[in-house]
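A.B. asks: Fold the following for me, if possible:
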Amino acid sequence: MKATIFPRENYLSKLRPFYKSADLIKVVTGIRRCGKSSLLLSVMAELKGQGVDPHDIIYLNLDAYGYTSVRTSEQLERLISASTSDDHFKYLFIDEIQNVEGFETLLNAYRESERFSIFITGSNSYLLSGELVTKLTGRYIEVPIFPLSFSESCQMETFLGIKHEESLQSRFTNYLRVGGFPRLLTIEEETAKWTYLENLVEQIIQKDVKRRVQIRNRAVFDKVRHYFVNNFGTPISLKNVAEELKRTENLVVKTETLKRYLNILEDARILYKCPRFDLKSRRSLAGEGKYYLADTSLYFATNTDQRINYGPVLENILFLHLRSRGYEVSVGKIGNLECDFIVRKAGDYFYIQVAMTIMNDPKTEEREYRALEAIRDNYPKYLFTLDTLLQKRNGIHHLNIVDFLAGTGEL
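C.D. replies: Modelled structure (predicted):
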């Protein structure tokens with residue numbers, strides 16, 4: 001029988017070693033509608049394929065009809081108890097558990113009983129704050145999940161039987177705008193795609209921001225949010241942001257308020273920080289960095305201008321791809337020069353520059369290569385562009401970003 005849910009192997013491979021671990025709670029985090037529930041369903045399908053009795057698998061989606069009134073740990077405990085009438089080892093899956101107040105103590109009790117392997121999801125970072133971290137330090141693993149990468153999007157289209165006549169380059173251009181929220185692949189009409197995205201943005205703001213955080217002036221918050229979303233991929237200085245908002249919007253906002261709003265957007269997984277990293281000291285620079293969107297469609301869904309500014313968009317796509325593969329990503333500072341990304345994994349470093357093209361533009365070519373050539377160690381260096389004609393220079397790998405993202409996507 002053909003599977004009905006696209007298996008996202010990149011994330012399943014991270015969870016698979018812990019399927020039967022009763023001592024560790026498996027926490028899946030990510031922006032709303034990025035595929036967390038489907039990932040849990042894929043795990044459940046694999047467990048059934050391994051011979052686990054379906055009666056020993058408990059799945060509760062606390063955002064679904066019939067469960068939205070479950071708001072206390074006592075209500076949740078009664079719900080779980082109703083599904084555990086025997087002493088068999090159980091697999092417990094709970095979606096959007098942050099809807100339940102005081103869930104941490106209950107989950108820890110189930111974990112300590114050693115009768116449950118527990119999987120939970122949440123759409124904001126409050127899931128991993130407060131009591132959960134205090135009670136479960138060292139007793140949970142987090143698997144951050146992102147919207148579909150470009151390669152996953154292509155694979156899922158094949159999985160769904162969607163055929164394309166356009167080139168890979170054309171599909172990539174469309175992906176840059178429409179993004180990787182999985183539900184979009186089953187929506188054919190272009191207008192309907194944007195309607196879905198606009199509504200999704202509103203759901204995220206209402207459910208994962210305004211219902212969970214006290215925001216005194218929502219009109220000001222919305223203007224600040226639009227500013228940060230519209231300026232993704234650019235260095236953020238809160239002082240400069242305050243000055244810009246005063247000049248363009250006649251809006252006076254304290255830097256402390258801007259910092260709080262920025263943290264709220266990070267907590268809701270709308271924005272991800274890419275900190276600055278000083279290559280000389282090998283340390284992250286506090287308070288500095290860029291911010292990237294959880295999905296580039298979050299920009300296009302809220303702006304009438306649909307033109308693609310390829311520089312930040314390509315950076316955003318590559319940043320998400322690398323993060324989804326488990327790489328740590330920073331903006332590199334090399335004296336007065338900047339390297340788009342310093343990427344770290346298992347003690348290795350990789351240096352990356354990203355540009356739309358270096359063809360027929362000697363100034364751009366020199367700028368992109370100069371930052372990489374200023375790095376004196378022997379770790380691999382990459383220049384990613386949309387160019388199909390590639391060159392070699394001082395051992396730097398010049399790669400076509402579309403081919404890289406459509407392929408294995410490993411450095």
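
A.B. asks: alpha carbons only for contacts and neighbour counts from here, please
C.D. replies: OK.

A.B. asks: which intervals of the stretch 51-200 of the chain have sub-threshold pLDDT?
C.D. replies: Counting by pLDDT under 70, the low-confidence segments of the stretch 51-200 of the chain come to 125-126, 128-133, 135.

A.B. asks: which stretches of it form strands?
C.D. replies: Assigned strands in the stretch 51-200 of the chain, in chain order: 57-61, 90-95, 116-122, 140-144 (criterion: DSSP state E, counting those that start in this stretch).

A.B. asks: Reformat the ones you listed as TSV; add distance to residue 370.
C.D. replies: TSV is the format used below for the strands of the stretch 51-200 of the chain (distance: least, C-alpha to C-alpha, whole Å):
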stretch	distance to residue 370
strand 57-61	51
strand 90-95	48
strand 116-122	42
strand 140-144	34
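
A.B. asks: Save these as TSV, and put in mean neighbour count and distance to residue 217 too.
C.D. replies: Formatted as TSV, the strands of the stretch 51-200 of the chain follow (neighbours: other C-alpha atoms under 10 Å; distance: least, C-alpha to C-alpha, whole Å):
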stretch	mean neighbour count	distance to residue 217
strand 57-61	18	32
strand 90-95	22	31
strand 116-122	24	26
strand 140-144	17	31
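
A.B. asks: Of the ones you listed, which is nearest residue 223?
C.D. replies: Each of those has some distance to residue 223 by C-alpha to C-alpha; the shortest is strand 116-122, at 26.0 Å.

A.B. asks: how many degrees apart are that closest one and strand 57-61 in direction?
C.D. replies: Taking axes from the mean of the first three to the mean of the last three C-alpha atoms, to 10 degrees, one finds strand 116-122 and strand 57-61 inclined to each other by 20 degrees.

A.B. asks: where's strand 116-122 relative to the chain centroid, distance-wise?
C.D. replies: Centroid separation for strand 116-122 versus its chain: 19 Å, with C-alpha atoms, centre = their mean, to the nearest Å.

A.B. asks: Stretch 64-76 too?
C.D. replies: The answer for stretch 64-76 is 27 Å, by C-alpha atoms, centre = their mean.

A.B. asks: Quick one: end-to-end length of it, please.
C.D. replies: End-to-end distance of stretch 64-76: 14 Å, with C-alpha to C-alpha, to the nearest Å as the criterion.

A.B. asks: Show me which residues of it are buried.
C.D. replies: For stretch 64-76, the buried set under the neighbour-count rule, 16 or more other C-alpha atoms under 10 Å, comprises 70, 71, 73, 76.

A.B. asks: Kindly reformat those as TSV and extend each row with distance to residue 101.
C.D. replies: Converted to TSV, the buried residues of stretch 64-76 look like this (distance: C-alpha to C-alpha, whole Å):
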residue	distance to residue 101
70	9
71	6
73	6
76	10
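
A.B. asks: Looking at these, spot the one nearest residue 46.
C.D. replies: Nearest member of those to residue 46, counting by C-alpha to C-alpha, is residue 76, at 25.5 Å.

A.B. asks: quick one: contacts for that closest one?
C.D. replies: 70, 100 (C-alpha atoms under 8 Å, 6 or more residues apart in numbering).

A.B. asks: residue contacts, residue 27?
C.D. replies: Here residue 27 is in contact with 119, 120, 121, 122, 140, 141, 142, 143 (C-alpha under 8 Å, 6+ apart).

A.B. asks: And the helices in the stretch 251-400 of the chain, which stretches?
C.D. replies: All helices of the stretch 251-400 of the chain, identified by DSSP state H, counting those that start in this stretch, fall at 255-267, 297-300, 310-324, 362-373.

A.B. asks: For the second one, C-alpha coordinates in CSV please.
C.D. replies: Okay, so that is helix 297-300. Presented in CSV, the C-alpha positions along helix 297-300 are these (Å, rounded to 0.1, in the frame of the first residue of the first chain):
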residue,chain,number,x,y,z
SER,A,297,6.8,33.5,1.1
LEU,A,298,6.3,35.4,4.4
TYR,A,299,7.7,38.4,2.6
PHE,A,300,5.9,38.0,-0.7
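
A.B. asks: thought residue 251 was touching residue 241?
C.D. replies: No. Contact criterion C-alpha atoms under 8 Å: residue 251 and residue 241 do not qualify, at 10.7 Å.

A.B. asks: Looking at these two, which is more packed in?
C.D. replies: For residue 251 versus residue 241, the count of surrounding residues by other C-alpha atoms under 10 Å is larger for residue 241: 18 against 15.

A.B. asks: Point me to the helix or strand that includes that one.
C.D. replies: If you go by DSSP states H and E, residue 241 is part of helix 238-249.

A.B. asks: picking that back up, between the contacts of residue 27, which is closest to residue 303?
C.D. replies: For the contacts of residue 27, the nearest to residue 303 is residue 122 (27.6 Å; C-alpha to C-alpha).

A.B. asks: Could you give the bridge partners of that closest one?
C.D. replies: residue 29 (DSSP bridges).

A.B. asks: still on that earlier bit, for residue 403, find the nearest of the strands of the stretch 51-200 of the chain.
C.D. replies: So among the strands of the stretch 51-200 of the chain, strand 140-144 is nearest, using C-alpha to C-alpha, at 24.7 Å.

A.B. asks: Just list whatever residues bridge to the nearest residue to residue 265 once chain neighbours are set aside.
C.D. replies: Take residue 265 and drop its neighbours on the chain: the residue closest to it by C-alpha to C-alpha, 6 or more residues apart in numbering is residue 271, 5.7 Å away. Under DSSP bridges, the beta-bridge partners of residue 271 are residue 293.

A.B. asks: residue contacts, residue 271?
C.D. replies: With C-alpha under 8 Å, 6+ apart, residue 271 has these contacts: 229, 265, 291, 292, 293, 294.

A.B. asks: any idea how far it lies from residue 299?
C.D. replies: For residue 271, the distance to residue 299 - C-alpha to C-alpha - is 11 Å.

A.B. asks: again, but for residue 19
C.D. replies: From residue 19 to residue 299 the distance is 36 Å (C-alpha to C-alpha).

A.B. asks: next one: residue 258
C.D. replies: Distance, residue 258 to residue 299, by C-alpha to C-alpha: 19 Å.

A.B. asks: More neighbours: those two, which one.
C.D. replies: residue 299 (24 against 19).

A.B. asks: Let me see the confidence value for the more buried one.
C.D. replies: On pLDDT, residue 299 comes in at 96.
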